[in-house]
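[1] predicted coordinates and the sequence they were generated for:
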Amino acid sequence: MRAYSISLEKNAWEQVDARLKKKAVNGRNMTVTRYSFSPKGVFPHHVHDQEQITYVLAGDVRFVMESEDHSLRVGDVIVIPPGVPHRAIAGSAGAEVLSVVAPARTEGRGVEYLSEGG
């Protein structure tokens, strides 16, 4: 396999819902996604079998898990192990994050949305 480069900035945004949009690139072993949250935007409660590392580019965002919350600001990183249910809630100014998951979200690997109650 050869190396290649892509301009994520030139990729079109995909609207996830009214307050959240994304653009993603899949490699063979990982997926990189840029998310843009409107003020108070939410990524719903979900779980996946990939490890996730998220870096905050702008604004602030709170990651909520069953037994803990993590409030992150610009420059902060969170590492979420596979199989840990979580959701993300942007602050009053919104947020931009860059998220990497491995293995890649291809071949049926994805997100399982959970009810808000757990």
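    Yes, it's here. Please read all numbers here as calculations on a predicted model, not as lab measurements. Numbers count the residues shown, from 1 in each chain.

[2] identify each buried residue in the helix or strand hosting Tyr55, please.
    According to DSSP states H and E, Tyr55 maps onto strand 51-65. Across strand 51-65, burial judged by 16 or more other Cβ atoms under 10 Å covers 51-54, 56, 59-61, 63. Any C-beta I mention is one placed from the backbone N, CA and C, and that applies to glycine too.

[3] okay, now the sheet partners of it, with direction.
    strand 69-73 (antiparallel), strand 77-80 (antiparallel), strand 86-102 (antiparallel) (DSSP bridges).

[4] out of these, which is closest to Asn11?
    With Cβ to Cβ, the closest approach to Asn11 among those belongs to strand 86-102: 13.1 Å.

[5] contacting residues around the closest one?
    By Cβ atoms under 8 Å, 6 or more residues apart in numbering, the residues outside strand 86-102 that reach it are 19, 29-48, 50-65, 80.

[6] just give me how far the lowest-mean-pLDDT helix or strand in the chain sits from the chain centre.
    Taking mean pLDDT, DSSP states H and E as the measure, the chain has strand 112-113 as its least confident helix or strand, at a mean of 82. Centre-to-centre, strand 112-113 and its host chain are 13 Å apart (Cα atoms, centre = their mean, to the nearest Å).

[7] could I get the buried residues of strand 51-65 as JSON lines with distance to Ser7 and pLDDT?
    Shown next, in JSON lines, are these (distance: Cβ to Cβ, whole Å; pLDDT from 0 to 100):
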{"residue": "Glu51", "distance to Ser7": "26", "pLDDT": "96"}
{"residue": "Gln52", "distance to Ser7": "23", "pLDDT": "97"}
{"residue": "Ile53", "distance to Ser7": "22", "pLDDT": "98"}
{"residue": "Thr54", "distance to Ser7": "21", "pLDDT": "98"}
{"residue": "Val56", "distance to Ser7": "22", "pLDDT": "98"}
{"residue": "Gly59", "distance to Ser7": "23", "pLDDT": "98"}
{"residue": "Asp60", "distance to Ser7": "27", "pLDDT": "98"}
{"residue": "Val61", "distance to Ser7": "25", "pLDDT": "98"}
{"residue": "Phe63", "distance to Ser7": "28", "pLDDT": "98"}
